[in-house]
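Trainee: Sequence first, predicted model second:
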Amino acid sequence: MKVIIAEKPSVAREIARVFGATVKKDGYIEGKGYTFTWAFGHLLQLAPPQEYGYYGWSVQNLPMLPAKFKLSIRKVKSKEGMVDDPSVKKQLDTIKSLFDEATEIIVATDAGREGELIFRYIYYYLKCKKPFKRLWISSQTDAAIKDGFKNLKPGTDYDTLFNSAHCRSQSDWLVGMNATQALSLSSGTRSVLSLGRVQTPTLAMICSRYLENKNFVPQIYFQVAIQLDKDGQLFRAISAESFKSKEDAQIILDRVEDVTGGFANGGHIFSVEAKPRKEPPPLLHDLSSLQQEANKRKGFTADQTLSLLQNLYESKLVTYPRTGSRYIGDDVFAGVPTLIEKFTGHADFGKQATFLLSAKLNKRSVNAKKVTDHHAILPTGEKAYQLTPDQQAVYDMVVGRMLEAFHQECVKEITKIVVQSGAKFTASGTVISSAGWRAVFNEVDEEKKDEENTSLPKVKKGEDLPITNKAILEKQTKPKPFYNEASLLKALETAGKEIDDEELRYAMKDSGLGTPATRASIIETLIKRDYIKREKKNLIPTETGLSVYGVVKEQQIAQAELTGNWEKRLEEIRSGASVTEFQQEIQNYTRAITREMLKAGASLRAPKIVM
DNA sequence: GCAAGGTC
């Protein structure tokens, strides 16, 4: 009997279906001489400190550097504290008995570093010695699955990938556990002051943006506005220059040849530029872009959106949600017309879906090379009913985005008029001449509301128009806004793009900080630690958060570069470089950061009352 | 009591 193990039930079901296996058992599917089973993500994790004899939290234990790491079953909260997750325990038992009977194991966890780790941790935990082969596919269509099974790789081909994954896991444990205990113990506050490779740079980003915003000194500047009259249609133009003082602006204002100053034809049309601008449709959603949109539209937190999507995924209404790709392959694209057809009766989008059926579909989101473990989020086309309003909202964002992504370009007419009247003034306006994909939601872009849909009258170069009004505008420069969930997610995705070191920047280019699956939980962790709080839509640091930031901000653990550095080394390990050398460096860094944090906590201690 | 990673 051959046993196939997938990362999650949905994938095992898909593969079983392709094989024609239909016998559903508890924890696996059987048929055609194969058995298809699954994990639920990571079933095992690196064992906590007490399993190496580091009992309690104590400075004497630090730094904790286990000679050999152990694995333990994923924990879940219960009345008696953290206990082995019973459903995980049960599934491990199932996998164990299947592996015992197996003649061969085929690994079908996701094609990536963590997918490899998920399988290997199970395999080593169960002390299994059976040979295994690796299925390596990046899309789960029938063709891709069949093709993958014709090209199974020897399991040992991925030993170095496992090494890099194991190093990632151990390093996060060593640095995170030790730095956290060191800072918490030395602060003497008896609360958990956690630190980690991902959460601490994230906290640093929020704090530094907050301080930058708070310490921002707005600069006041002045502009001159004039109002012109073209055959009764009024429009506004603003001085091309801005001025530091009101007096300078006044000089320009006085030069304006306006009606009250006795000039009948005050504004001279110096130039008129009108050009069409084509705006391609947006890409399909990945998890992050959808979380950002749901935060902007509905104010949902990243965590809420993920959980709503998980519900929709479990109801088989949308495809796999924790994806980092905004593309689909040609195989999936082949099914898109049929999919669109299912939405021709949709209350909001029916008309656009019907339109798309006879239109040439835009293929901007179709690129097999940019599909990683999973493709972009799509509706499955299954009938949706009895959704809660929040589920419906997220579902509609998925459906709407699909229609947008395959829709036509939006064509805008951008007009720029330059008026001469003592000085140069400009008026600009944008008019949508063909809505294209923007017809789906038919909304005005909030951020660009001022310039969108401002239509300007038709004027000709050389014309002179009366100026009916003029004024000095007082404006001030604005600070960068606080982070909110949407802008933070975006910043985490693109973290590392500004690193000076080219190699580190390259190493991080596809990752950023955290992963699609973990970013929502990072935000929740920072809130749970009382480092940050939600204030309206913004993420604001608390006093605790700011003081922790104060003591770590110069440390490597607070920089995105640390991840860049690790990613570079992990990639080298994947291509065969020494593991021990990296592990040695991590141990050294663990000793250093532990020492630093044991000192640093003192400044967080509440001042003693002097009698 | 602690990391980051994955998933139901």
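Mentor: Happy to help now that I have it.
Trainee: Give the lowest-confidence helix or strand of chain A, using mean pLDDT as the measure.
Mentor: Of the helices and strands making up chain A, the lowest-confidence element is helix A:502-508, at a mean of 85, by mean pLDDT, DSSP states H and E.
Trainee: hmm, who's touching it?
Mentor: Residues outside helix A:502-508 that contact it (Cβ atoms under 8 Å, 6 or more residues apart in numbering): A:495-499, A:560-561, A:563-565, A:567-568, A:571. Where you see a C-beta, it was placed from the backbone N, CA and C, and this is true even at glycine.
Trainee: How far away from the center of its chain is it?
Mentor: Offset of helix A:502-508 from its chain centre (Cα atoms, centre = their mean, to the nearest Å): 19 Å.
Trainee: Name the next helix or strand downstream of that helix, please.
Mentor: For helix A:502-508, the following helix or strand on the C-terminal side (DSSP states H and E) is helix A:519-528.
Trainee: which of the residues in that next one are buried?
Mentor: Within helix A:519-528, the residues scored as buried using 16 or more other Cβ atoms under 10 Å are A:R519, A:A520, A:S521, A:I522, A:I523, A:T525, A:L526, A:I527.
Trainee: secondary structure class for A:D331?
Mentor: Judged by DSSP: H, G, I helix; E, B strand; the rest coil, the three-state class of A:D331 is helix.
Trainee: Give me the neighbour count for it.
Mentor: By other Cβ atoms under 10 Å, 16 other residues sit near A:D331.
Trainee: So it is in contact with A:S139, correct?
Mentor: Yes - with contact defined as Cβ atoms under 8 Å, A:D331 counts as touching A:S139 (6.3 Å).
Trainee: for the residue of chain A most remote from its centre, helix, strand, or coil?
Mentor: Residue farthest from the centre of chain A, counting by Cα atoms, centre = their mean, is A:G262 at 58.9 Å. When classified by three-state DSSP, A:G262 comes out as coil.
Trainee: try A:R438
Mentor: Taking three-state DSSP, the label given to A:R438 is helix.
Trainee: can you give me phi and psi for the closest residue to it other than its chain neighbours?
Mentor: Take A:R438 and drop its neighbours on the chain: the residue closest to it by Cβ to Cβ, 6 or more residues apart in numbering is A:C410, 4.6 Å away. For A:C410, the backbone dihedrals are phi -100, psi 130 (criterion: degrees, to the nearest 10).
Trainee: Run a quick neighbour tally on A:F243.
Mentor: Using other Cβ under 10 Å, A:F243 has 17 other residues around it.
Trainee: Hmm, it is touching A:I220, no?
Mentor: No - counting by Cβ under 8 Å, A:F243 stays clear of A:I220, with 10.1 Å between them.
Trainee: In contact with A:C207, which residues?
Mentor: A:P541, A:G545, A:L546, A:Y549, A:K553.
Trainee: interface residues of the stretch 101-250 of chain A facing DNA strand B?
Mentor: Counting by Cβ under 7 Å from any atom of the strand, the stretch 101-250 of chain A comes close to DNA strand B at A:110, A:114, A:118, A:168-169, A:172-173, A:176-177, A:180-181, A:184, A:190-192, A:194-200.
Trainee: Report the buried members of these.
Mentor: Buried members of those, counted by 16+ other Cβ under 10 Å: A:110, A:114, A:118, A:168-169, A:172-173, A:176-177, A:180-181, A:184, A:194-200.
Trainee: so of the residues you listed, which ones are in helices?
Mentor: Members of these lying in helices (criterion: DSSP state H): A:114, A:118, A:168-169, A:172-173, A:176-177, A:180-181, A:184, A:199-200.
Trainee: what's the most distant pair in the residues you listed?
Mentor: For those, the maximum inter-member distance is 30.1 Å, found between A:I118 and A:S184 (Cβ to Cβ).
Trainee: In contact with the residue nearest to A:R438, which residues are there?
Mentor: A:K278, A:E279, A:P281, A:I432, A:S434, A:A435, A:G436, A:W437, A:R438.
Trainee: A:R595 now?
Mentor: Contact analysis of A:R595 by Cβ under 8 Å, 6+ apart lists A:A182.
Trainee: Could you check which helix or strand contains it?
Mentor: helix A:579-600.
Trainee: show me where the stretch 351-500 of chain A has strands.
Mentor: Using DSSP state E, counting those that start in this stretch, the strands of the stretch 351-500 of chain A run over A:410-421, A:423-434, A:464-465, A:467-476.
Trainee: Between those strands, which one is closest to A:S511.
Mentor: With Cβ to Cβ as the criterion, A:S511 lies closest to strand A:410-421 of those, at 31.8 Å.
Trainee: Quick one: mean pLDDT for the closest one?
Mentor: Averaged across strand A:410-421, pLDDT comes to 91.
Trainee: Report the central residue of chain A.
Mentor: Central residue of chain A (Cα atoms, centre = their mean): A:S288, 3.3 Å from the mean position.
Trainee: Just say helix, strand or coil for it.
Mentor: What three-state DSSP gives for A:S288 is helix.
Trainee: residues in contact with it?
Mentor: The neighbourhood of A:S288, defined by Cβ under 8 Å, 6+ apart, consists of A:G324, A:L489, A:K490, A:E493, A:P516, A:R519.
Trainee: most neighbours, which of those residues?
Mentor: Of all the contacts of A:S288, A:L489 has the most neighbours under the rule other Cβ under 10 Å, reaching 27 neighbours.
Trainee: Quick one, grab the pLDDT at it.
Mentor: At A:L489, the pLDDT value in this model is 96.
Trainee: Test my guess that it contacts A:I522.
Mentor: No - A:L489 is beyond contact range of A:I522, at 9.9 Å (criterion: Cβ under 8 Å).
Trainee: So in terms of bridging, what pairs with A:V431?
Mentor: A:V431 has these beta-bridge partners by DSSP bridges: A:E413.
Trainee: who's in contact with it?
Mentor: Shown in contact with A:V431 (Cβ under 8 Å, 6+ apart): A:K412, A:E413, A:T415, A:N453, A:T454, A:S455.
Trainee: Could you do A:K370 as well?
Mentor: Applying Cβ under 8 Å, 6+ apart to A:K370 gives the contacts A:S325, A:R326, A:Y327.
Trainee: next one: A:A393
Mentor: Per Cβ under 8 Å, 6+ apart, neighbours of A:A393: A:A294, A:R297, A:K298.
Trainee: Now the last one: phi and psi?
Mentor: Put plainly, it is A:K298. Per-residue torsions, A:K298: phi -120, psi 0 (degrees, to the nearest 10).
Trainee: Read off the pLDDT value for the closest residue to it other than its chain neighbours.
Mentor: Leaving out its chain neighbours, the residue that sits closest to A:K298 by Cβ to Cβ, 6+ apart is A:A393, at 5.5 Å. If you check A:A393, the pLDDT there is 96.
Trainee: and if you look at the one 3 residues further on?
Mentor: pLDDT, the model's per-residue confidence, is 96 for A:D396.
Trainee: so the nearest residue to it once chain neighbours are set aside is in which element?
Mentor: Of all residues not flanking A:D396 in the chain, A:D348 sits nearest, at 6.8 Å (Cβ to Cβ, 6+ apart). For A:D348, there is no helix or strand it lies in under DSSP H and E.
Trainee: quick one: A:D348 and A:M397 touch, right?
Mentor: No - A:D348 is beyond contact range of A:M397, at 11.2 Å (criterion: Cβ under 8 Å).
Trainee: Turn the strands of the stretch 351-500 of chain A into a markdown table, including distance to DNA strand B.
Mentor: Output for these, formatted as a markdown table (distance: least, Cβ to the nearest atom of the strand, whole Å):
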| stretch | distance to DNA strand B |
| --- | --- |
| strand A:410-421 | 34 |
| strand A:423-434 | 39 |
| strand A:464-465 | 59 |
| strand A:467-476 | 38 |
